[in-house]
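*Asks:* the sequence and its predicted three-dimensional model are supplied below.
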Amino acid sequence: MSDSAHMRGPAAVSCGDVSRSSSLAGCSGILGRSAWAGGVRRKIARVAPSTSTVLIVGPTGTGKELIARCIHEQSPRRRGPFVPVDCASITGTLCSSQLFGHVKGAFTGADYESLGCFRAAEGGTIFLDEIGELEPSIQAMLLRTLQERIVVPVGNHREIPVDVRVIAATNRVLDEEVQAARFRMDLLYRLRVMTIQTTSLRQRLEDVSVLAEHFLTRLSKDNGIPAKELSVESLAVLLAHDWPGNVRELQNVLECAAIFSDSESIQPSALRIHKSPAAQPEATAGTIPAALQPFSPHQARGPEPAECLETWLTLPEVEAQHIARTLEVAGYNQSAAARMLAIDRHVLARKMKKYGLRKPEGLQ
């Protein structure tokens, strides 16, 4: 961060590290072969060239900041700063000065002038993470900044124009926060010009193998350790986990395994997966993940079988669909898919030939 963006003394702004294009080399995009990953990549490409405000919504650990950085990196503002702000951490009396700046002597301890996060992001992008945590008084100030594109530093009455693109993110349902009078409706309308929805990792299990390969490659480079790869059994264990911590949890599990694994192939014993109290019993390599289990007609009331015979799946059709879904989730690794299905790899190969299932062209 430049000296003009850095604030000295006790009134320093609590913006995240201000990044520019050269420091965003780690933004490798949204990885995965799932429909969600492909859809988000297309949406980023569409929204990046504009200056419109973007709201990213989804569970914690699903890559909201990565999406924001990728939008910035693909935008005309990529040579300007990217300033992440953790809104959950900027509570209290100094919140307005941290966002909008202050003049010297504005309050006790204000020994230096502060630009604030918005002015530090001039010509670039400010990322307001967990915006649902902002206090009501700050929400009103933010609304004015979004409407007028100006900031008024604490202790000053002069309006200062700012040229900043705003990307916000939250894990809250802001419509419910509005109903509960914890979030301003007019601010929500200002933020929700374009919306990108993230999804939990358990909803896109077909991306686990791609993400795991990426993380292990990066961990090897960052830590100076030999390259590691997942064994077939370890991949099956990862695919059977429900990942309450999402992609962030997967990354942490792989980092620990890569560091403590003595062999180049990471075995299930090296995977330190912490089960939450509400988690299901520990899965084995042969366990079928819940997301892959076929639907049972007893799970919900519906038409009697006689009423829908024309659309009722036959047993071979159910088997073909289940094998196809398992292959997709396993990244068409036949050994891993056979493990998940608890059958021999040669049996799987015969069934794939029987049902005409093959690896899509162009898939690595």
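*Replies:* Cool, got the structure.

*Asks:* what residues are up against the spatially most central residue of the chain?
*Replies:* The geometric centre of the chain, computed from its C-alpha atoms, lies nearest to Gly63 (CA atoms, centre = their mean), at 1.6 Å. For Gly63, the residues meeting the contact criterion (CB atoms under 8 Å, 6 or more residues apart in numbering) are 30, 198, 247. All C-beta spots, glycine's among them, are computed from the backbone N, C-alpha and C.

*Asks:* at 6 Å what do you get?
*Replies:* Applying CB atoms under 6 Å, 6 or more residues apart in numbering to Gly63 gives the contacts Val247.

*Asks:* where exactly do the strands run in the stretch 151-300 of the chain?
*Replies:* Under the criterion DSSP state E, counting those that start in this stretch, the stretch 151-300 of the chain contains strands at 160-161, 165-170, 194-197, 229-230, 265-266.

*Asks:* so for Arg339, which of those sits nearest?
*Replies:* Closest to Arg339 of those is strand 229-230 (CB to CB; 11.8 Å).

*Asks:* what pairs with that closest one, parallel or antiparallel?
*Replies:* When sheet partners are counted by DSSP bridges, strand 229-230 sits next to strand 265-266 (parallel).

*Asks:* off-centre distance for the strand it pairs with?
*Replies:* Counting by CA atoms, centre = their mean, to the nearest Å, strand 265-266 is centred 26 Å from the centre of its parent chain.

*Asks:* so after it, what's the next helix or strand?
*Replies:* helix 315-329 (DSSP states H and E).

*Asks:* helices and strands around the next helix or strand after that next one, which ones?
*Replies:* The C-terminal neighbour of helix 315-329 among helices and strands, as given by DSSP H and E, is helix 334-341. Counting contacts by 3 or more CB pairs under 6 Å, 6 or more residues apart in numbering; DSSP states H and E, helix 334-341 packs against helix 232-240, helix 315-329, helix 345-355.

*Asks:* which outside residues touch helix 334-341?
*Replies:* Helix 334-341 has contacts (CB under 6 Å, 6+ apart) with 232, 235-236, 285, 326-327, 330, 345, 348.

*Asks:* as TSV, these with pLDDT and distance to Ala181 would be great.
*Replies:* Formatted as TSV, those follow (pLDDT from 0 to 100; distance: CB to CB, whole Å):
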residue	pLDDT	distance to Ala181
Val232	89	53
Leu235	91	47
Ala236	90	48
Ala285	43	50
Thr326	85	47
Leu327	85	49
Ala330	81	47
Arg345	83	58
Leu348	88	56
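
*Asks:* got a winner among those for most neighbours?
*Replies:* When neighbours are counted by other CB atoms under 10 Å, Ala236 leads those with 28 neighbours.

*Asks:* what distance do you get for it to Met340?
*Replies:* Taking CB to CB, to the nearest Å as the measure, Ala236 falls 5 Å from Met340.

*Asks:* before we move on, what about His346?
*Replies:* According to CB to CB, His346 stands 16 Å off from Met340.

*Asks:* closest to Phe100 out of the contacts of helix 334-341?
*Replies:* Among these, and counting by CB to CB, the member closest to Phe100 is Leu235, at 48.5 Å.

*Asks:* spatially nearest residue to the closest one (excluding sequence neighbours)?
*Replies:* Counting by CB to CB, 6 or more residues apart in numbering, Leu235 lies nearest to Ala336, which is 4.7 Å off, once chain neighbours are set aside.

*Asks:* how many other residues sit next to that neighbour?
*Replies:* Ala336, neighbours per other CB under 10 Å, totals 26.

*Asks:* can you tell me the element the nearest residue to Gly124 once chain neighbours are set aside falls in?
*Replies:* Leaving aside its chain neighbours, Gly124 sits nearest to Gly80 (2.9 Å; criterion: CB to CB, 6+ apart). Assigned by DSSP H and E, Gly80 falls within no helix or strand.

*Asks:* and what of Ser52?
*Replies:* Going by DSSP H and E, Ser52 is not in any helix or strand.

*Asks:* and the closest residue to it other than its chain neighbours, its phi and psi?
*Replies:* Nearest residue to Ser52, sequence neighbours excluded (CB to CB, 6+ apart): Val193, at 4.7 Å. In terms of degrees, to the nearest 10, the main-chain angles of Val193 are phi -70, psi -50.

*Asks:* is it true that Val193 touches Thr53?
*Replies:* Yes - using CB atoms under 6 Å, Val193 is in contact with Thr53, at 4.6 Å.
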